[in-house]
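1. below: sequence and its predicted model.
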2 protein chains.
Amino acid sequence: MFKVKFQEYIDLVEAYLEQLPWNQDDFMCRTMHYSLAGGGKRVRPVLALAAAETVGSDPRRILSAAIGLEMIHTYSLIHDDLPAMDNDDYRRGRLSNHMVFGEGNAILAGDGLLTHAFEILTEPLPVPPEKQLRVIREVAAAAGYRGMVGGQADDLAGEGKALRLPEIERIHRRKTGALLTVSLRLGAILGGGTAAEIEALTAYAEHLGLAFQIKDDILDQEGDSAAMGKPSGSDLRRGKATYPSLMGLSGAKDYLREHIVQAQAALSVMPRPAPFLHEFADFIEQRQC
Amino acid sequence: MFKVKFQEYIDLVEAYLEQLPWNQDDFMCRTMHYSLAGGGKRVRPVLALAAAETVGSDPRRILSAAIGLEMIHTYSLIHDDLPAMDNDDYRRGRLSNHMVFGEGNAILAGDGLLTHAFEILTEPLPVPPEKQLRVIREVAAAAGYRGMVGGQADDLAGEGKALRLPEIERIHRRKTGALLTVSLRLGAILGGGTAAEIEALTAYAEHLGLAFQIKDDILDQEGDSAAMGKPSGSDLRRGKATYPSLMGLSGAKDYLREHIVQAQAALSVMPRPAPFLHEFADFIEQRQC
């Protein structure tokens, strides 16, 4: 049931991405499309669609806005992979954008996707325009210097340094947590959720975001390179502090479990049952790639 | 009179930028602020403010949105200067962003400014929210892959190639023209202009944008490096086709005049006189840096 629902959401996202009126004769459209079509689990738009459905809305009503989140996520991967940043040649088992199109074009592909995200976020929706403006504002704040971009800057500055847990978590909350959290908020706000529902989904998202990162670190240490699409152990080789390096593998797994439990507990105050989001947390804990 | 008005607009922009709640202890705020504080004539927000005033609105009512344009312009300069792009060590007589903070941080400073532009564009304004959404949509389209970013990609691809006038103008219309045009449209739309006024200011902006670029090329060939803040003749050395290289210096000056005249003619259908915008076109033709 969970898998079927997950695939339904993914199919909505893929169908929207495929019908984008992007001219494949245009070089920039190809560079942006290369990374956007790179697959992945479409976690951010899926969470937005699920949040909308959980508060009682038809998720298709807010699909364009959810796609905006995927564009922002994709741009951030392109820029993070650049030689001046994390210098990753591969992403999801394919050559990273700059390896195919060159650094200059990869920077521009990221810029183009980030900018287009905000165009798509203004796509007419069946919601009051004030609400749509509020969501655009929250997305920009979450993706910007106090959120995702700031987290990446801190991450870059922290490389090779012996960071402790509070510093690491501050980075993760901004670098990956902020966009995940705003994904659920976007779905809940545009779906017409109440303030209490939005708050509960925010708490869920914050625990889920940390869980996601802890699991990433665990997979990086013990994962299978082939399934991950990148060499395992790369964080350690780069001198990045990870949850397993700070609290041991078993400590990291306990900590992961704790955040999964808290994420699921946050859902309990929702007026409607939220089985998909509940199981999504388990999925994050159990994923192998 | 023109100079006084120009300075009034610039002062509004500078005052807004100075009161941004950016924490100077935060590294990313410093990297973004470095380039944003780099001075310049603030052409895009000034044109937006002037457009709002020309259609009968108080320009201060739309100031936050005008600042968003300056952030987008500033981000584009930071990314254009990167080694993988135009590789410029200097900008407006100061070291470019990546020369001070390193490439990775300069990419992030640009990303942060672009993202923050959209946050500031959602700042509450005394206009109907539908209108504000429309403006955000137009700004994203003008700055994105069909506009500014696409123009920069074409410019990068065209380096060292013998481009002809239609190709060059297509690049300029997107790389610099699109954001200038949307600056006037933003002011006109948010200022409550009629469809006819918005159309007239769009025509004005399109001629002004090309005039701006022609003048840039002329200055690059004959300008004073000290006043320009960068070595003159740099386009030629880089093998870029310029208006003077395509039509001779005197031909380029005639062509510049033609666009100034047409920009000013477009203003003649406006119901209110637009002396500032009229003289602004002359200013573009006569500027020495």
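-> Perfect, I can see it now. Numbers count the residues shown, from 1 in each chain, chains lettered A, B, ... in the order given.

2. residue contacts, residue A:14?
-> Remark: with contacts taken as C-beta atoms under 8 Å, 6 or more residues apart in numbering or on different chains, residue A:14 is in contact with residue A:42. C-beta coordinates here come from the backbone N, C-alpha and C atoms, glycine included.

3. on the three-state scheme, it is what?
-> Classification of residue A:14 using DSSP: H, G, I helix; E, B strand; the rest coil returns helix.

4. please tell me how far it sits from residue A:8.
-> 11 Å (C-beta to C-beta, to the nearest Å).

5. what's the single longest helix in chain A?
-> In chain A, with assignment by DSSP state H, the single longest helix is helix A:195-222.

6. let me see the mean pLDDT of that helix.
-> The pLDDT scores in helix A:195-222 average 95.

7. show me which positions of it end up buried.
-> For helix A:195-222, burial by neighbour count (16 or more other C-beta atoms under 10 Å in any protein chain shown) applies to A:197-198, A:200-221.

8. helices and strands around it, which ones?
-> The contact analysis (3 or more C-beta pairs under 8 Å, 6 or more residues apart in numbering or on different chains; DSSP states H and E) places helix A:195-222 against helix A:43-54, helix A:165-172, helix A:178-190, helix A:234-237, helix A:243-267, helix A:275-286.

9. next one: that helix to chain centre, how far?
-> 10 Å (C-alpha atoms, centre = their mean, to the nearest Å).

10. residue A:131: how many residues sit nearby?
-> 14 (other C-beta atoms under 10 Å in any protein chain shown).

11. wait, doesn't it sit right on residue A:190?
-> Yes - with contacts counted by C-beta atoms under 8 Å, residue A:131 reaches residue A:190, the gap being 6.5 Å.

12. render the CA-only coordinates of stretch A:247-261 in PDB, please.
-> The C-alpha trace of stretch A:247-261 is given here as PDB (Å, rounded to 0.1, in the frame of the first residue of the first chain):
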ATOM      1  CA  MET A 247      28.600   8.500  18.200                       C
ATOM      2  CA  GLY A 248      29.700   5.200  16.800                       C
ATOM      3  CA  LEU A 249      27.600   3.200  14.300                       C
ATOM      4  CA  SER A 250      25.400   1.700  16.900                       C
ATOM      5  CA  GLY A 251      24.900   5.100  18.600                       C
ATOM      6  CA  ALA A 252      24.000   6.600  15.300                       C
ATOM      7  CA  LYS A 253      21.400   3.900  14.700                       C
ATOM      8  CA  ASP A 254      19.800   4.500  18.100                       C
ATOM      9  CA  TYR A 255      19.700   8.200  17.400                       C
ATOM     10  CA  LEU A 256      18.100   7.600  14.000                       C
ATOM     11  CA  ARG A 257      15.400   5.500  15.600                       C
ATOM     12  CA  GLU A 258      14.700   8.200  18.200                       C
ATOM     13  CA  HIS A 259      14.000  10.800  15.400                       C
ATOM     14  CA  ILE A 260      11.900   8.300  13.500                       C
ATOM     15  CA  VAL A 261       9.800   7.800  16.600                       C
END
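
13. can you list contacts of it?
-> Taking C-beta under 8 Å, 6+ apart as the rule, stretch A:247-261 contacts A:165, A:207-208, A:210-211, A:214-215, A:217-218, A:221-222, A:242-244, A:246, A:281-282, A:284-285.

14. what sits closest to residue A:137 if chain neighbours are left out?
-> residue B:122 (3.9 Å; C-beta to C-beta, 6 or more residues apart in numbering or on different chains).

15. er, residue A:178 actually
-> Residue A:178's closest residue in space is residue A:147 (C-beta to C-beta, 6+ apart), at 3.5 Å.

16. is the one you found in contact with residue A:174, as I believe?
-> Yes - assessed by C-beta under 8 Å, residue A:147 is found in contact with residue A:174 at 5.3 Å.

17. got the buried residues for stretch A:169-185?
-> Quick answer for stretch A:169-185 (16+ other C-beta under 10 Å): A:169-185.

18. got the residues of the stretch 51-200 of chain A near chain B?
-> Proximity of the stretch 51-200 of chain A to chain B is confined to A:75, A:79, A:82, A:84-85, A:102-105, A:107-108, A:110-112, A:114-116, A:118-119, A:122, A:128-130, A:132-134, A:136-137, A:140-141, A:143-145, A:149-150, A:152-154, A:156-157 under the rule C-beta under 8 Å from any C-beta of the partner chain.

19. try it again at 6 Å.
-> A:79, A:84-85, A:103-104, A:107-108, A:111-112, A:114-116, A:118-119, A:122, A:129-130, A:133, A:136-137, A:140-141, A:143-145, A:149-150, A:153, A:156 (C-beta under 6 Å from any C-beta of the partner chain).

20. now the buried members of those residues.
-> So, by 16+ other C-beta under 10 Å, the buried ones in those are A:79, A:84-85, A:103-104, A:107-108, A:111-112, A:114-116, A:118-119, A:122, A:129, A:133, A:136-137, A:140-141, A:143-145, A:149-150, A:153, A:156.

21. quick one: low-confidence ranges for chain A?
-> A:223-239 (pLDDT under 70).

22. so what's residue A:218 up against?
-> residue A:252 (C-beta atoms under 6 Å, 6 or more residues apart in numbering or on different chains).

23. ok, it to residue A:288 distance?
-> 11 Å.

24. mind listing what's buried in stretch A:87-101?
-> Neighbour-count burial for stretch A:87-101 [16+ other C-beta under 10 Å]: A:88, A:91, A:96, A:97, A:98, A:99, A:101.

25. closest to residue A:276 among these?
-> Checking these against residue A:276 by C-beta to C-beta gives residue A:91 as the nearest, at 27.2 Å.
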